[in-house]
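>>> here is my input; please provide its structure:
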Amino acid sequence: MNAVPPKNALQPETAEILRWLHDNADEKVRIGQARFGITPGRNLGIPVPALRAESKSYRNHHSVALELWESGIHEARIMASMIASPKLFTPDEMDRWVAELDSWDVCDQCCSNLFRKTAFAEDKIYGYAEDGREYVRRTAFVLIAVLAVHDKSIPDNRFADYLRLAAKHSTDDRNFVMKAVNWAIRQIGKRNMPLNAVATKTAADLAGSDNATARRTGKAALRELSSPKTVAFIAAHRK
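Okay, the predicted model is just below:
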């Protein structure tokens, strides 16, 4: 059901989207994206809001999403994450997409738009966290962060386990892993007051670590989680 047609037989919708992408390419934006760690390569320089707006009429056209991903174009892959059906997306497809990630923003968009909505999202977290590849490990912690925000059905004890996983990998000094670990700790800590207490302790423990990367991550998370503004917001809005 999810087979992708040969590249010389793209579906009309896929060809239409690819034409739109090339027609809307912006060289200045493309070069400017390098300032945010998006290295000019297969990116066309189209902002995410424009991609999201264009994707609306193609939502859940799963086979189109698979073809867009196969194009290898940066913005096409972001649109693929917006168009794919979480119900049709398979664990094997997710593994393949994650293995091909080469940019933090495609990783984050996939996690936010698609991965977190699948029935097997949590099943992937530990395996990806233990994978040595930078963007695969980042996926694990971005998934934790977005699930902490969006999935109200996950019990607190599972997020407490994810905090231990974050602490375990807090010594990974690769930029995009380090930032994702920090993000996961902060989002868990902002989920509710009991988790704020656990996440704050995790952050404080890391802040006192002998490892420079863990210490940096802990201090940054602790600063946000213990701030009066954050605590007041959680108490008021995260019952």
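>>> tell me which residues of the helix ranked longest in the chain come out buried.
If you go by DSSP state H, the chain has its longest helix at helix 134-150. Residues of helix 134-150 classed as buried by neighbour count (16 or more other Cβ atoms under 10 Å): 134-148. In short, each C-beta sits where N, CA and C put it, glycine included.
>>> which elements pack onto it?
helix 91-99, helix 104-113, helix 121-130, helix 156-168, helix 175-189 (3 or more Cβ pairs under 8 Å, 6 or more residues apart in numbering; DSSP states H and E).
>>> ok, so of the buried residues of helix 134-150, who is nearest residue 58?
residue 146 (22.2 Å; Cβ to Cβ).
>>> contacts only, for the closest one.
Counting by Cβ atoms under 8 Å, 6 or more residues apart in numbering, residue 146 touches 111-112, 116, 187.
>>> top of those residues by neighbour count?
Tallying neighbours with other Cβ atoms under 10 Å puts residue 111 at the head of the contacts of residue 146, with 25 neighbours.
>>> got a pLDDT number for that residue?
On pLDDT, residue 111 comes in at 98.
>>> how near is it to residue 184?
11 Å (Cβ to Cβ, to the nearest Å).
>>> intersection of neighbour lists for the two?
Residues within reach of residue 111 and of residue 184 at once, by Cβ under 8 Å, 6+ apart, are 142, 145.
>>> what residues sit buried inside the helix or strand of the chain with the lowest mean pLDDT?
For the chain, using mean pLDDT, DSSP states H and E, the weakest element among its helices and strands is helix 27-32, scoring a mean of 88. Neighbour counts over helix 27-32 (16+ other Cβ under 10 Å) mark residue 30 as buried.
>>> next one: that helix to chain centre, how far?
How far helix 27-32 lies from its chain's middle: 23 Å, per Cα atoms, centre = their mean, to the nearest Å.
>>> same question for stretch 195-210.
Put simply, stretch 195-210 sits 23 Å off its chain's centre (Cα atoms, centre = their mean).
>>> avg pLDDT for it?
Stretch 195-210 comes out at a mean pLDDT of 98.
>>> for the following helix or strand past the least confident helix or strand of the chain, packing partners?
Using DSSP states H and E, the helix or strand that directly follows helix 27-32 along the chain is helix 48-55. For helix 48-55, the elements it packs on are helix 74-83, judged by 3+ Cβ pairs under 8 Å, 6+ apart.
>>> show me the contacts for the closest residue to residue 118 other than its chain neighbours.
Nearest non-adjacent residue to residue 118, counting by Cβ to Cβ, 6 or more residues apart in numbering: residue 86, 4.9 Å away. By Cβ under 8 Å, 6+ apart, the residues touching residue 86 are 114, 117-119.
>>> between the contacts of residue 146, which is closest to residue 127?
residue 111 (14.9 Å).
>>> quick one, what contacts that closest one?
Residue 111 neighbours (Cβ under 8 Å, 6+ apart): 139, 142-143, 145-146.
>>> same deal with residue 182?
217, 220-221.
>>> what's around the closest residue to it other than its chain neighbours, how many residues?
Closest residue to residue 182 apart from its sequence neighbours, by Cβ to Cβ, 6+ apart: residue 217 at 4.8 Å. Neighbour count for residue 217, taken as other Cβ under 10 Å: 31.
>>> tilt between the helix or strand containing residue 217 and helix 175-189?
Take DSSP H and E as the rule and residue 217 turns out to sit in helix 212-225. Here helix 212-225 runs at an angle of 30 degrees relative to helix 175-189 (axes from the mean of the first three to the mean of the last three Cα atoms, to 10 degrees).
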